[in-house]
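[1] Return atomic coordinates for the entry below.
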Amino acid sequence: MRPCHRLCLVPLIFALAIAAGCGKSDDKKAATQVAAKVNSDEITVHQINNVLARAPNVTPEVAERAKREILDKLIDQQLARQQAIEKKLDRSPNVLQVLEAAKTEILARTYLEQIAAAQPKPTPEEAKKYYAEHPELFARRRVFNLEEIVVAPKEGIAAALREQVAKARSLQEIAAWLKSQGVQFAENRSVRTAEQIPLELLPRLAAMKDGEIRQIEDGGRLYVFRVVSTQLAPVDEATATARIQQFLFNQRSSEAIAKEMKQVKDKAKIQYVGEFAGSPPSAGPKPAAQAEPLKPEAKAEPTKPEAKAGPAAQAEDSKTAQPLAPNIEKGVRGLR
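    Reported below is the predicted structural model:
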């Protein structure tokens with residue numbers, strides 16, 4: 001294994017091993033299914049494969065190199081588990097509480113995943129329609145070099161700020177004015193692809209020209225953006241179709257889950273007691289938004305953008321080894 005891949009694998013394999021879980025099975029496994037015997041317990045090939053299956057975008061080549069390291073971590077985990085049982089830690093009230101919470105979470109998540117899996121897959125026609133309706137993500141997709149100010153909520157600040165934005169030539173002028181008014185704000189500069197920008201903000205940013213300054217209000221936040229420069233980076237329909245279908249499926253699944261949970265909750269008898277007695281909390285005003293700039297989750301690379309807010313529109317180079325750590329971290333989240 002090359003050093004770079006080993007460095008990627010070491011910290012995350014341990015996390016996956018913990019998430020995967022292993023123990024003595026009630027059934028005898030065929031010899032070909034057993035990967036290792038740890039005292040009286042067995043670790044199976046299925047357990048190793050289950051770890052890998054939870055990590056998206058892991059190529060077969062990388063998976064083969066990772067299996068032995070996963071097995072070693074599962075062995076360490078099993079040894080620690082055996083010692084914990086010997087010391088009767090499995091009877092600890094805290095451990096029992098955590099186990100019960102984990103069981104509840106797994107059952108609930110499985111139920112929601114079942115709802116999601118039952119949703120119809122988006123058709124190529126639906127993907128084609130989405131592609132045509134969102135040129136800012138595809139045909140006219142751009143990479144944005146942005147300067148940004150996020151202003152903390154304050155009575156009457158929006159109208160006064162709008163006047164300043166109309167005559168400002170730079171964000172430095174806006175920042176100086178905010179300081180003079182005692183208004184809290186945060187500044188940021190970043191380079192982001194279109195899909196790394198929240199979908200509700202993207203159309204307004206896409207309409208801006210290079211050098212333009214604009215005030216945007218969204219979700220209780222007050223932004224001032226300056227588009228320093230942009231670079232056109234279109235994505236063709238053939239490249240985008242599969243990613244759009246996945247995005248639409250995720251969107252459809254989320255809506256189905258929300259609808260199902262609302263119906264279940266409406267039918268349920270829920271009683272608030274103790275300090276929570278009385279009427280359930282209403283959907284009152286949202287907490288004041290903090291003055292924090294948009295945080296790109298990764299540095300934008302024009303040739304290989306990652307999906308953040310919208311469907312990813314990227315052509316993956318199958319010959320290039322993908323970083324394993326982020327992918328397996330996603331697998332870990334799926335196992336928890």
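
[2] Spell out which strands sit alongside the strand with the most length in the chain in the sheet and which way each one runs.
    The longest strand of the chain (DSSP state E) is strand 221-232. Applying DSSP bridges, strand 221-232 is found paired with strand 142-151 (antiparallel), strand 213-218 (antiparallel).

[3] want to try a markdown table for those strands, with mean pLDDT and distance to Gln33 as columns?
    (Each C-beta comes from the backbone N, C-alpha and C, glycine too.) As requested, these are exported to a markdown table (pLDDT from 0 to 100; distance: least, Cβ to Cβ, whole Å):
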| stretch | mean pLDDT | distance to Gln33 |
| --- | --- | --- |
| strand 142-151 | 96 | 49 |
| strand 213-218 | 92 | 53 |
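
[4] Dump these into CSV; add distance to Thr104 and mean neighbour count as well.
    Shown next, in CSV, are these (distance: least, Cβ to Cβ, whole Å; neighbours: other Cβ atoms under 10 Å):
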stretch, distance to Thr104, mean neighbour count
strand 142-151, 37, 20
strand 213-218, 35, 16
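
[5] Could you dump the ones you listed into JSON lines and include distance to Tyr272?
    JSON lines is the format used below for those (distance: least, Cβ to Cβ, whole Å):
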{"stretch": "strand 142-151", "distance to Tyr272": "36"}
{"stretch": "strand 213-218", "distance to Tyr272": "33"}
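
[6] Helices along the protein, start to end?
    Under the criterion DSSP state H, helices of the chain are mapped to 3-20, 45-53, 60-86, 93-117, 124-133, 157-167, 171-180, 202-206, 237-267, 324-335.

[7] of all these, which lies closest to Thr230?
    Counting by Cβ to Cβ, Thr230 lies closest to helix 202-206 out of the helices of the chain; the figure is 9.0 Å.

[8] returning to what we had before: can you flag the weakest of the helices of the chain by average pLDDT?
    Lowest mean pLDDT within those: helix 324-335, a mean of 41.

[9] mean confidence for the longest strand of the chain?
    When pLDDT is averaged along strand 221-232, the result is 94.

[10] And it, what's buried?
    Using 16 or more other Cβ atoms under 10 Å as the test for burial, strand 221-232 gives 221-227, 230.

[11] Then stretch 159-172?
    Buried residues in stretch 159-172, defined by neighbour count with 16+ other Cβ under 10 Å: 161, 164-165, 168, 171.

[12] just to revisit the earlier point, could you dump the helices of the chain into TSV and include distance to Arg192?
    Below are the helices of the chain laid out as TSV (distance: least, Cβ to Cβ, whole Å):
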stretch	distance to Arg192
helix 3-20	24
helix 45-53	31
helix 60-86	28
helix 93-117	29
helix 124-133	21
helix 157-167	21
helix 171-180	16
helix 202-206	9
helix 237-267	17
helix 324-335	18
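
[13] looking at those helices, which is closest to Val34?
    Closest of the helices of the chain to Val34 is helix 45-53, at 7.5 Å (criterion: Cβ to Cβ).

[14] Check which helices and strands the closest one is in contact with.
    helix 3-20, strand 34-38, helix 60-86, helix 324-335 (3 or more Cβ pairs under 8 Å, 6 or more residues apart in numbering; DSSP states H and E).

[15] Now do the third one: which elements does it pack against?
    This means helix 60-86. If you count contacts as 3+ Cβ pairs under 8 Å, 6+ apart, helix 60-86 packs onto helix 3-20, strand 34-38, strand 41-44, helix 45-53.

[16] chain center to that helix, what's the gap?
    Centre-to-centre, helix 60-86 and its host chain are 26 Å apart (Cα atoms, centre = their mean, to the nearest Å).

[17] could you check the angle helix 171-180 makes with the longest strand of the chain?
    Interaxial angle of strand 221-232 relative to helix 171-180 (axes from the mean of the first three to the mean of the last three Cα atoms, to 10 degrees): 170 degrees.

[18] can you list the domains in this protein?
    Domains of the chain are assigned by automatic domain parsing as 3-117, 135-277+286-305.

[19] Just put the ones you listed in a markdown table and tack on distance to Ala127.
    Converted to a markdown table, those look like this (distance: least, Cβ to Cβ, whole Å):
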| stretch | distance to Ala127 |
| --- | --- |
| domain 3-117 | 18 |
| domain 135-277+286-305 | 4 |
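
[20] if we can go back for a sec, for Arg142, which of the helices of the chain is the nearest?
    Comparing the helices of the chain against Arg142 with Cβ to Cβ, the closest turns out to be helix 202-206 (6.9 Å).

[21] mind listing what's buried in that closest one?
    Buried residues in helix 202-206, counting neighbours by 16+ other Cβ under 10 Å, are found at 202, 205-206.

[22] Understood, closing this out.
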